[in-house]
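**Q** using only what follows, build the 3D model:
(one chain, ligands or ions: 1)
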Amino acid sequence: MEVQNFVNDLNKDFFNGALSPAFTEQLLQLPMDRPDVFAMVQRMFGAMNQANFPAQDLSVMVGEVLGTLLARILPGAWEGRVPPITVPGRHKVIDQYIKNRMGSTAGSKSMLDIGCGFPPYTTLESSKLVSDWKIIAADPSLPVYLVYDEQENYATFDADKNVIYFQPSIPSVENWNALLSDAKATKARFGGLLDELLSQPHPSTSGNPRLETNPIKAYETDKLSFVRGGIGQVDIEPVDCIRCFNVLYYFDDAFFQNALQWFENKLNEGGMLLAGGNWAASSECYYHEYQKIDGHLVEKEFAFGIDTLCPFGVVTWYANHDDDRQTARLIHYLGIIRKDKSFMDEFYKLNDALRAKYGLCPRDAHGYYGIVDPSISPLELWQLVEKIINELNEAGLNHKAAEVLNQAGLKARINEVGHVAINLQ
Ligand SMILES: C[S@@+](CC[C@H](N)C(=O)[O-])C[C@H]1O[C@@H](n2cnc3c(N)ncnc32)[C@H](O)[C@@H]1O
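**A** Model prediction:
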């Protein structure tokens, strides 16, 4: 199908033709040769529609991420493998939550970070925060070789020197485009760099370019270890806490169900499982909390951040399968909240003012969320997003959203880190 027709249909079917030209222009960059991307976008628009997202709330930045970045981060771009994408600071709030919930009890704890990604920034951050815990991190894509180029972009390789993944030093849309506009050439360039570095008697391990062999070993300590393998594969003793973030949304519900079974076996009695998704600076956070009680995993709460009501990124709708239970649940709650006009009026009043104040996709003259102030760097952007989330919470909008859910007959509270948490027991 022509991209133009696809975008026109999306606009008509899900937004009554109300999407802004600036947003649809971004979508026109969707790659025609990637049915997986089309299917994903269609599913995401279905979710937006179900949760009553109006066209005006889709910023040009969201359009850009959908139009250009999405194709590059879906498994379809990596021979079906789930890319090991992770971002420093991503689990800051989740770590605080885990520490609050488990840290006060006597003795050190153990944790499994499954699908930790690479480089394991977020695992390292957790091991700093709960420095007396024993942490095991596992991922099927832990590399054997890691090569950095002159610009500090990197590529990871398996034992057979096949590229597993590559990423720009700062993962902005522009930098991704520079590497992925010709992925074959980028892979070949990194492959050549690996051969060149391996052929040197003492390949450089500092500066640029450089090579690290079995790079994960460098991160290990007496409290932190890494294992190559995934859910159902790694052989470990049961732990007190399992964190599984940004993994399950790549799989269908049968996988999710089997994963729960495996998690149950890998948790100590009373242990906690947190499974969910999020993006940089703990934005767009959502997660289930389970606890092992009398030998069985009990679904306790589902929690989410207030920013999912108007996300800066696309994780809120990021389901790779139609039967993704977590996205469906999030969308259901957002739909209830979004239907409450008086709450939304109050939410928009502050949210729009903060976007204008920080230059992050403020509304344009026609009422559509727009672009990021070009003077803001990608790093600053997520610091500002974090500020906005904190200010929305400080103004009590998370509490008010929970009240809306309570009025709808649910049992919602604000949890220890400011997320709206719905009791599922
Ligand atoms: C998007 S990354 C998430 C990394 C990190 N947990 C985070 O939240 O930033 C998804 C990771 O899941 C891993 N993965 C793929 N299949 C898996 C499986 N069956 N079990 C566990 N992890 C898996 C991938 O290798 C990848 O590193």
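**Q** flag every buried residue along the lowest-mean-pLDDT helix or strand in the chain.
**A** In the chain, no helix or strand scores lower on mean pLDDT, DSSP states H and E than helix 173-180, which sits at a mean of 84. By neighbour count on 16 or more other CB atoms under 10 Å, the buried set for helix 173-180 is 173, 175, 176, 179, 180. Where C-beta positions appear, they are placed from N, C-alpha and C, glycine not excepted.
**Q** may I ask you to confirm that the first one is in contact with residue 67?
**A** No: counting by CB atoms under 8 Å, residue 67 is not a contact partner of residue 173; they are 9.1 Å apart.
**Q** rewinding a little: a markdown table please, covering the buried residues of helix 173-180 and showing distance to the ligand.
**A** A markdown table is the format used below for those (distance: CB to the nearest ligand atom, whole Å):
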| residue | distance to the ligand |
| --- | --- |
| 173 | 17 |
| 175 | 18 |
| 176 | 15 |
| 179 | 17 |
| 180 | 16 |
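**Q** may I ask which two of these are separated the most?
**A** Spatial extent of the buried residues of helix 173-180 (CB to CB) is set by the pair 173 and 179 at 11.4 Å.
**Q** for this protein, what lies in contact range of the ligand?
**A** 82, 84-86, 90, 114-117, 122, 139-141, 230-231, 245-247 (CB under 6 Å from any ligand atom).
**Q** and residue 42, that's in a helix?
**A** Yes: assessed with DSSP: H, G, I helix; E, B strand; the rest coil, residue 42 lies in a helix.
**Q** give the contact list for it.
**A** residue 10 (CB atoms under 8 Å, 6 or more residues apart in numbering).
**Q** how close does it get to the ligand?
**A** 21 Å (CB to the nearest ligand atom, to the nearest Å).
**Q** how about residue 346?
**A** 32 Å.
**Q** can you list contacts of the helix or strand harbouring that residue?
**A** Using DSSP states H and E, the secondary-structure element containing residue 346 is helix 341-358. Contacts with helix 341-358, where a contact means CB under 8 Å, 6+ apart, come from 309-310, 337-338, 360-363, 369, 384, 387-388, 391-392, 395, 397, 400-401, 404.
**Q** switch the cut-off to 7 Å
**A** With CB atoms under 7 Å, 6 or more residues apart in numbering as the test, helix 341-358 has contacts from 309-310, 337-338, 361-363, 369, 384, 387-388, 391-392, 395, 397, 400-401, 404.
**Q** again with stretch 410-419
**A** Taking CB under 7 Å, 6+ apart as the rule, stretch 410-419 contacts 93, 96-97, 100-101, 285, 303-305, 393, 398-399, 402, 405-406, 420-423.
**Q** switch the cut-off to 8 Å
**A** 93-94, 96-97, 100-101, 285, 301, 303-306, 333, 336, 390, 393, 398-399, 401-403, 405-406, 420-423.
**Q** just stretch 159-170 next, same as before
**A** Residues contacting stretch 159-170 (CB under 8 Å, 6+ apart): 78, 81, 83-85, 118, 141, 143-145, 151-158, 175-176, 178-179, 186-187, 190-191, 194-195, 378-379.
**Q** hmm, which of those are the buried ones?
**A** 78, 83-84, 118, 141, 143-145, 153-157, 175-176, 179, 186-187, 190-191, 194.
**Q** quick one: which of those sit in strands?
**A** Using DSSP state E, the subset of the buried ones among the contacts of stretch 159-170 located in strands is 145, 154, 155, 156, 157.
**Q** touching, the fourth one and residue 143? I think so.
**A** Yes: counting by CB under 8 Å, residue 156 sits close enough to residue 143 to count as a contact (3.5 Å).
**Q** and which of the ones in strands among the buried ones among the contacts of stretch 159-170 is nearest to residue 319?
**A** For these, the nearest to residue 319 is residue 156 (26.0 Å; CB to CB).
**Q** quick check: bridge partners of the closest one?
**A** Residue 156 forms beta bridges with residue 146, residue 165, as assigned by DSSP bridges.
**Q** please enumerate the strands of the chain.
**A** Under DSSP E, the chain gives strands at 110-114, 134-139, 145-148, 154-157, 163-167, 210-213, 224-228, 239-245, 267-279, 283-293, 296-304, 412-414, 420-423.
**Q** outline the domain layout of this protein.
**A** Using automatic domain parsing, the domain parsing of the chain gives 1-81+342-374+398-410, 92-142+221-305, 145-213.
**Q** deepest-packed of the ones you listed, please.
**A** Among the domains of the chain, ranked by average contacts under mean count of other CB atoms under 10 Å, first place goes to domain 92-142+221-305 (a mean of 19).
**Q** next, the distance between the ends of it.
**A** 13 Å (CA to CA, to the nearest Å).
**Q** ditto for stretch 278-285
**A** OK, stretch 278-285 end separation, CA to CA: 4 Å.
**Q** now do that stretch, average pLDDT.
**A** For stretch 278-285, mean pLDDT is 97.
**Q** again with stretch 412-425
**A** Mean predicted confidence for stretch 412-425 is 98.
**Q** skipping adjacent residues, who's closest to the residue in the stretch 201-350 of the chain positioned nearest to the ligand in space?
**A** Nearest residue of the stretch 201-350 of the chain to the ligand, counting by CB to the nearest ligand atom: residue 230, 2.5 Å away. Excluding the flanking residues, the one nearest residue 230 by CB to CB, 6 or more residues apart in numbering is residue 140, at 4.2 Å.
**Q** for the one you found, give me phi and psi.
**A** Backbone torsions of residue 140, given as degrees, to the nearest 10, read phi -70, psi -20.
**Q** correct me, but it touches residue 233?
**A** Yes: judged on CB under 8 Å, residue 140 makes contact with residue 233 at a distance of 7.1 Å.
**Q** hmm, residue 388 is touching residue 305, no?
**A** No: Residue 388 is not in contact with residue 305 according to CB under 8 Å; the separation is 10.9 Å.
**Q** which neighbours do those two have in common?
**A** Counting by CB under 8 Å, 6+ apart, nothing touches both residue 388 and residue 305.
**Q** contacts only, for the residue nearest to residue 69 when sequence neighbours are not counted.
**A** Residue nearest to residue 69 in three dimensions, not counting chain neighbours: residue 173, with 5.5 Å by CB to CB, 6+ apart. Applying CB under 8 Å, 6+ apart, we find residue 173 in contact with 64, 65, 68, 69.
**Q** now the second one: how far from the ligand?
**A** Applying CB to the nearest ligand atom, one obtains 15 Å for the distance of residue 65 from the ligand.
**Q** residues contacting the closest residue in space to that residue that isn't next to it in sequence?
**A** Nearest residue to residue 65, sequence neighbours excluded (CB to CB, 6+ apart): residue 314, at 5.3 Å. Counting by CB under 8 Å, 6+ apart, residue 314 makes contact with 44, 62, 65, 66, 70.
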